[in-house]
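A predicted structure for the sequence below; I have some questions about it.
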Amino acid sequence: MRIGLLITLLMVSVISCKVPYSKKDVFEEKASLPKDEAPHFKNSLEWLYFTGHLTDEEKEKTIGVEYVVFHFNPTNAKGGWMVNMAVSDPENEAFYYDHKFFPKSKHEFEDLPLNFNWSKRQFNSSLQGQSGNYQIEAQFSKDSIAMNLSTRAEKEVVLHDGVGYENYGDLAKAGYYSFPRLKAKGDINLNGETYNVNGNLWYDRQWNCSGVFDKKVAWDWFSIQFEETESELMLYRLYSLKDSTVIFGGTYTNAKNESVYLENDEINIEELAYWKSPSSDANYPIEWKLEVPSLEISTNLKTLFPNQELELKFGPLTKFYYWEGMCEATGTIQEQEVTGTSYVEMTNRFRIKESKK
């Protein structure tokens, strides 16, 4: 079977709520690092996810970066990869993205550090490293955009829920850890101009993720890197399209790398403004009020510009839309005024008929 058809069939199975191959989706008592950073050969769905705000201080230019590696294996077959990347230019309210599928081979699952290289036509991508120290190189195929970034961990890894497995109520469960503050530097070429950038990336590593990416679940994910407190906040909202169940959770990590794992009833998320996509008709929130009363956290979050929606095509009749973009935070933590940079992801928003909590 051609790899393109195989991946298309996989995405149809994921998006249509038929859970992909899961016999090898093993849930241990605790994530094992660095072992679980390496791809899981027979895992049904997993990803390695980098997002963040990077700035060329001399040119006073801030650029948003998204770089994602997905690994799919629907039926214990050969499976494959999807590499997905995006760049946001808030100054010009311009958004660029690209993605490609690639077959996989067993040599990509050998010992760490990661050592991935993909190339197809003008599309080139590579990811090397482990444990917070990475080298990312990428060249878009349809736009004159490229990035060359290196990272090092400013803070230790965060094992969500304390063990590196997040239980999303009865809707899903997945392996999950983050490096919430990676110091990044390098070059971004944007339409013929090169920017020497630095800043912070957020790295999420998740596996056993078929339930999270189910058609019957809408998913909102928030990451905030607060400047004044040198702390980070991750929140998520899972919404069951079947019975309207809403599940919240998250993790707050302070400057000393001490983490507090947040339960459903500790989180309030209020949607304040919306933008309707002309492509998908999805009604995306673009401004929120986030509160964690138990930690005295209250912050307003808003997008830097609305149109940061991706349209991923898996065939002539199959598309998948999601929103992933730059946001900024202002608020208070224990009565101290704070500001922060943020990335927000929203999936299946066009399926939600009413806003919830």
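The structure has been received and is ready for your questions.

CA only for contacts and neighbour counts going forward, please
Noted.

let me know the helix or strand that the residue lying closest to residue 304 once chain neighbours are set aside is in.
Closest residue to residue 304 apart from its sequence neighbours, by CA to CA, 6 or more residues apart in numbering: residue 327 at 5.3 Å. Per DSSP states H and E, residue 327 falls inside strand 318-333.

hang on, the earlier thing: run through the bridge partners of the residue nearest to residue 304.
residue 303, residue 342 (DSSP bridges).

residue 308 is in contact with that one, correct?
No - under the criterion of CA atoms under 8 Å, residue 327 makes no contact with residue 308, lying 10.6 Å away.

quick check: which element contains residue 82?
Judged by DSSP H and E, residue 82 forms part of strand 80-89.

next, the angle from the longest strand seen in the chain to strand 80-89.
Using DSSP state E, we find that the single longest strand of the chain is strand 172-190. With axes from the mean of the first three to the mean of the last three CA atoms, to 10 degrees defining the directions, strand 172-190 sits at 50 degrees from strand 80-89.

and strand 172-190, what does it pack against?
Applying 3 or more CA pairs under 8 Å, 6 or more residues apart in numbering; DSSP states H and E, one finds that strand 172-190 makes contact with strand 145-153, strand 158-159, strand 165-168, strand 193-207.

what residues sit buried inside it?
Neighbour-count burial for strand 172-190, counted by 16 or more other CA atoms under 10 Å, picks out 172-188, 190.

each with direction, which strands does it pair with?
strand 145-153 (antiparallel), strand 158-159 (antiparallel), strand 165-168 (antiparallel), strand 193-207 (antiparallel).

follow-up on the earlier one: centre of the chain to the strand holding residue 82, how far?
10 Å (CA atoms, centre = their mean, to the nearest Å).

start at 58 instead
Noted, 58 is the first residue going forward, which turns the last one into strand 137-146.

show residues contacting it.
Outside strand 137-146, the residues that touch it by CA atoms under 8 Å, 6 or more residues apart in numbering are 60, 64, 119-130, 151-161, 182, 365, 382-383.

just the buried members of the residues you listed?
For these, buried by 16+ other CA under 10 Å: 60, 64, 119-130, 152-161, 182, 365, 382-383.

from those, which ones fall inside strands?
119-129, 152-160, 182, 382-383.

hmm, back to that, tilt between the strand holding residue 384 and strand 137-146?
50 degrees.

low-scoring stretches of this protein, by residue?
Counting by pLDDT under 70, the chain contains low-confidence residues at 58-82, 131-134, 163, 167, 267-272, 372-374, 407-414.
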